[in-house]
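Trainee: Structural data only, the sequence is not supplied:
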DNA sequence: AAAAGTGGTTTGTCATGCAAACCTGTCTGC
DNA sequence: GCAGACAGGTTTGCATGACAAACCACTTTT
């Protein structure tokens, strides 16, 4: 908890696209790959890679199956993923707080 | 303002180290290179590169001079830099708000 | 005047982000 | 029933990015 608030940000989580994935995944038990793709405005290739990074980091799990005859991929947030998201939010809040409550030694 | 909050994040600003630089630079009229280096826990080479990115983006200016006989480099936040930081914070707040006030259709 | 320190920049390397190309299977028209 | 369009992703290729090591210029110490 020492140093600047930004030093406690995790590079895996603190990334525009992945932060979006985690945030959306938190809202429901599972999220469709395609929903993420359109909501975040990504190409499938790009999303596929970010999903792989998050899965490798243990922050999400990936479920493959069928909806009728159509192949589907669903994303689930893990416990670790939920915690990582909370940590990120805590760090961001600390940063925002510091920005909005500057220490009184700022010379203009 | 459509899409997910994360889609309005700027990749130049939304980066751990650069966010730290901008946040610190906002606190004072100018900041020493070395202060940034130690506060953010970076190597000089790494910081030098991030400073170059921010300068090229017009978010900071770089002042070189002497303090006594010692070479010094100072960083100043520009108007655009201040605005970019405000935009980032606004987007982060929107994200945090959404995470803490989930829409009521979440099926557990 | 050699050595150690200060203050950074440039270089080299590996990781990352991204879209194009590709692959597997499905539906539709003919 | 099979050619072509479509759905749903994955893999590949490339350009950029992040990082530390090596380096450069100058200063202070011994």
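Mentor: Noted; the coordinates are in hand. Just so it is clear, the structure is predicted and the values come from calculations on it, not from any experiment.
Trainee: Please count neighbours and contacts with C-alpha atoms only from this point.
Mentor: OK.
Trainee: By proximity to DNA strand C, which residue of chain A wins?
Mentor: Using CA to the nearest atom of the strand, residue A:45 is the residue of chain A that sits closest to DNA strand C, at 3.7 Å.
Trainee: can you give me phi and psi for that residue?
Mentor: Reported as degrees, to the nearest 10, the phi and psi values for residue A:45 are phi -60, psi -50.
Trainee: Pull the number of nearby residues for it.
Mentor: By other CA atoms under 10 Å in any protein chain shown, the residues close to residue A:45 number 10.
Trainee: where's it relative to residue A:56, distance?
Mentor: Going from residue A:45 to residue A:56 by CA to CA, to the nearest Å gives 17 Å.
Trainee: repeat for residue A:50
Mentor: 10 Å.
Trainee: Ok, residue A:47 next?
Mentor: Taking CA to CA as the measure, residue A:47 and residue A:56 are separated by 14 Å.
Trainee: Of those two, give the one with the bigger neighbour count.
Mentor: The neighbour count for residue A:47 versus residue A:56, taken as other CA under 10 Å, is higher for residue A:47 (20 against 11).
Trainee: Next one, pLDDT for the nearest residue to residue A:43 once chain neighbours are set aside please.
Mentor: With sequence-adjacent residues excluded and distances taken as CA to CA, 6 or more residues apart in numbering or on different chains, residue A:43 is closest to residue A:37, at 6.6 Å. Note on residue A:37: pLDDT of 94.
Trainee: Touching, residue A:37 and residue A:47? I think so.
Mentor: Yes. Between residue A:37 and residue A:47 there is a contact at 6.5 Å, judged by CA atoms under 8 Å.
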